[in-house]
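**Q** Fold the following and give me the result.
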Amino acid sequence: MFLLSVTALTAAYFLARWLMSGATDRLPALATASMRGKTVIVTGANSGIGRATAAGLARLQARVILACRDPAAAEDAAREIRPQEQGDAGASGEVLVRQLDLASLSSVRSFCQRIIEEEQRLDVLINNAGIFQCPYMKTEDGFEMQFGVNHLGHFLLTNLLLDLLKRSAPSRVVVVSSKLYQYGEINFDDLNSEKSYNKSFGYSRSKLANILFTRELAKRLDGTGVTANVLHPGIVRTNLGRHIRIPLLGQPIFKFVSWAFFKTPEQGAETSLYLATSPEVEGVSGEYFGDCKREELLPKAMDDAVATKLWDESAKMVGLISPL
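**A** Take a look at the predicted model:
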């Protein structure tokens, strides 16, 4: 009886871990894909999902630009990625570091200007960086931090790089959102959270904005050869939760649960890599993915009127004179 109980618990554990990891049979096909000759920008690529995404792209021989707030941390990541890239037979991908602070519109503009001057093409832009449930604080330009970094910074970045993406078509924009979008609402009377702020709802709102932005972008890019898709990576073991305070006694339990059930960064990066590289999604645009498969969205994430208004308001907030 005891042996049966242990066996059942062990089986349940591995089943739960498999389900949480979002196991997919689509990624092995990417092992033989090649991104040789293609340039990819990954924001927030010095750690977590972004770093794993950059490493995966380097293995596929892409020219990978790590767009990060902290150049020193990005250089450390690049040094670790490069040996993997060079260790693969015939690999020729490059790994470059460029400074980008999404909490500063001037930094976004400077980054884009440098990319436009230095790069002949841009095949994939992966909007991966994010901040999670931080206390109320503001960006350099006075925006609530989560909305400012997760949405507005990437909104401006994408718009400023669109001409280069169009010239490189077929090209792709990949946006990393979260299933927590389900708890978000777009309140046009308080986009900057100056009337009220809840860090959990603030994060969810920024992730809902990511989805609305991507769907609107896909509509505006129709016929250009540039696609835009959005994804949720699942629950991943990263440092994104650094602003979450866990009681001292609860930390060992949380560490065990995250080790046992959360995805690794490599597993969390699978859908980003799939959308960036797979021929299966060539020409697919405006869709929401999880575990390398299309998923349904709640109606509030498919509201075209809200998406258009959010685009217009975002353009005003970041000072985009001639948005797409």
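**Q** Count the residues that sit near residue 35.
**A** Residue 35 is flanked by 23 other residues according to other CB atoms under 10 Å. In short, each C-beta sits where N, CA and C put it, glycine included.
**Q** Please confirm that it is located within a helix.
**A** No - membership of residue 35 in a helix is not supported by DSSP: H, G, I helix; E, B strand; the rest coil, which gives coil.
**Q** Excluding sequence neighbours, find me the nearest residue to it.
**A** Nearest in space to residue 35, with sequence neighbours left out and distances taken as CB to CB, 6 or more residues apart in numbering, is residue 62 at 3.5 Å.
**Q** hang on, that neighbour packs against residue 42?
**A** No - using CB atoms under 8 Å, residue 62 is not in contact with residue 42; the gap is 9.8 Å.
**Q** neighbour count winner among the two?
**A** Comparing residue 62 with residue 42 by other CB under 10 Å, the one with more neighbours is residue 42, at 32 against 27.
**Q** which residues does the more buried one form a beta bridge with?
**A** residue 66, residue 126 (DSSP bridges).
**Q** Could you find the closest non-adjacent residue to residue 303?
**A** Excluding the flanking residues, the one nearest residue 303 by CB to CB, 6+ apart is residue 212, at 7.4 Å.
**Q** Give me the three-state assignment for the one you found.
**A** Residue 212 - assigned by three-state DSSP - is helix.
**Q** could you point out which element follows the helix or strand hosting residue 206?
**A** Using DSSP states H and E, residue 206 falls within helix 199-220. Per DSSP H and E, the first helix or strand lying C-terminal to helix 199-220 is strand 226-232.
**Q** Can you name the residues in contact with that next one?
**A** With contact meaning CB atoms under 8 Å, 6 or more residues apart in numbering, strand 226-232 is reached by 162, 165-166, 169-179, 181, 210-211, 214-215, 217-218, 221, 271-272, 275, 281, 283-290, 295.
**Q** now, which of the residues you listed lie within strands?
**A** With DSSP state E as the criterion, strands contain 171, 172, 173, 174, 175, 176, 288, 289, 290 from among those.
**Q** among those, which ones are buried?
**A** Neighbour counting by 16 or more other CB atoms under 10 Å classes 171, 172, 173, 174, 175, 176, 288, 289, 290 among these as buried.
**Q** Residue 139: neighbouring residues, count only.
**A** 20.
**Q** quick one: it from residue 104, how far?
**A** 7 Å (CB to CB, to the nearest Å).
**Q** now residue 309
**A** 25 Å.
**Q** what about these two, which has more around it?
**A** Ranked by neighbour count (other CB under 10 Å), residue 309 and residue 104 place residue 104 first, with 18 against 15.
**Q** ok, now which ones touch the more buried one?
**A** 139, 140, 141.
**Q** Quick one: these as JSON lines, columns for distance to residue 264 and secondary structure too.
**A** As requested, the contacts of residue 104 are exported to JSON lines (distance: CB to CB, whole Å; DSSP: H, G, I helix; E, B strand; the rest coil):
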{"residue": "139", "distance to residue 264": "31", "secondary structure": "coil"}
{"residue": "140", "distance to residue 264": "33", "secondary structure": "coil"}
{"residue": "141", "distance to residue 264": "35", "secondary structure": "coil"}
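**Q** would TSV of those with pLDDT and distance to residue 232 be doable?
**A** Rendered in TSV, the data for the contacts of residue 104 read as follows (pLDDT from 0 to 100; distance: CB to CB, whole Å):
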residue	pLDDT	distance to residue 232
139	98	24
140	98	28
141	98	28
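**Q** Among these, which one sits closest to residue 202?
**A** Proximity of these to residue 202 (CB to CB) peaks at residue 139, which lies at 12.9 Å.
**Q** Distance of that closest one relative to residue 73?
**A** 19 Å.
**Q** same question, residue 126
**A** Separation of residue 126 from residue 73 (CB to CB) stands at 18 Å.
**Q** And residue 191, by the same measure?
**A** Residue 191 is 30 Å from residue 73, by CB to CB.
**Q** Likewise for residue 270?
**A** 23 Å.
**Q** between the two, which one's more packed in?
**A** More neighbours surround residue 270 than the other of residue 270 and residue 73, with 27 against 16 (other CB under 10 Å).
**Q** about what we covered before: please produce CSV containing the contacts of residue 104, extended by distance to residue 36.
**A** CSV is the format used below for these (distance: CB to CB, whole Å):
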residue, distance to residue 36
139, 37
140, 38
141, 39
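**Q** ok, which stretches of this structure are helices?
**A** 2-21, 48-59, 71-87, 105-118, 145-146, 154-167, 199-220, 251-261, 265-268, 270-277, 304-318 (DSSP state H).
**Q** Reformat those as JSON lines; add distance to residue 37.
**A** Shown next, in JSON lines, are the helices of the chain (distance: least, CB to CB, whole Å):
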{"stretch": "helix 2-21", "distance to residue 37": "32"}
{"stretch": "helix 48-59", "distance to residue 37": "13"}
{"stretch": "helix 71-87", "distance to residue 37": "15"}
{"stretch": "helix 105-118", "distance to residue 37": "16"}
{"stretch": "helix 145-146", "distance to residue 37": "36"}
{"stretch": "helix 154-167", "distance to residue 37": "15"}
{"stretch": "helix 199-220", "distance to residue 37": "25"}
{"stretch": "helix 251-261", "distance to residue 37": "38"}
{"stretch": "helix 265-268", "distance to residue 37": "25"}
{"stretch": "helix 270-277", "distance to residue 37": "13"}
{"stretch": "helix 304-318", "distance to residue 37": "32"}
